[in-house]
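[1] Sequence isn't available, so here's the structure alone:
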């Protein structure tokens, strides 16, 4: 995750879209990976980033998904995991919308999770 964050910051800097606050993060010392893992839902037994993301949104941030309308952007492996993790939660979603560049990939994801 830290590598992705660093790369995103590099791209934002190259595109001159990184603000002063963002640039401060680039100079900060990155915590060790085990420290990051110990402070995220992954440390609580989640088996994937997708499950950890859903757990963080619902449990840690207190987001109530009962009757919610959810939009998932993308149809790759992470999007698939997030969709599955959302569907096994006790809260019942009102609607899940999958947005992807290609309709066929979005439809394939829908078929895999039904």
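    On my side now, so go ahead. All figures in this text were calculated on a predicted structure; none of them were measured in a lab. Numbering: from 1, shown residues only.
[2] Now do the SS call for residue 71.
    Taking DSSP: H, G, I helix; E, B strand; the rest coil as the rule, one finds residue 71 in the strand state.
[3] show me the contacts for it.
    Contacts for residue 71 were tallied using Cβ atoms under 8 Å, 6 or more residues apart in numbering; they are 96, 97, 98, 99. Where C-beta positions appear, they are placed from N, C-alpha and C, glycine not excepted.
[4] beta partners for the first one?
    Residues found in beta-bridge contact with residue 96 (criterion: DSSP bridges) are residue 70.
[5] so how many other residues sit close to it?
    Residue crowding around residue 96 was assessed by other Cβ atoms under 10 Å; the count is 16.
[6] so it touches residue 82, yeah?
    No - if you go by Cβ atoms under 8 Å, residue 96 and residue 82 don't touch, sitting 9.7 Å apart.
[7] what is in contact with those two at once?
    If you check residue 96 and residue 82 against Cβ under 8 Å, 6+ apart, the residues they both contact are residue 72.
[8] Just the buried subset of the contacts of residue 71, written out for PyMOL, thanks.
    If you want just the buried ones from these in PyMOL, going by 16 or more other Cβ atoms under 10 Å, the selection is:
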select buried, resi 96+98
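[9] now residue 68, nearest residue through space, not along the chain?
    The shortest distance from residue 68 to any non-neighbouring residue, by Cβ to Cβ, 6 or more residues apart in numbering, is to residue 93 (5.7 Å).
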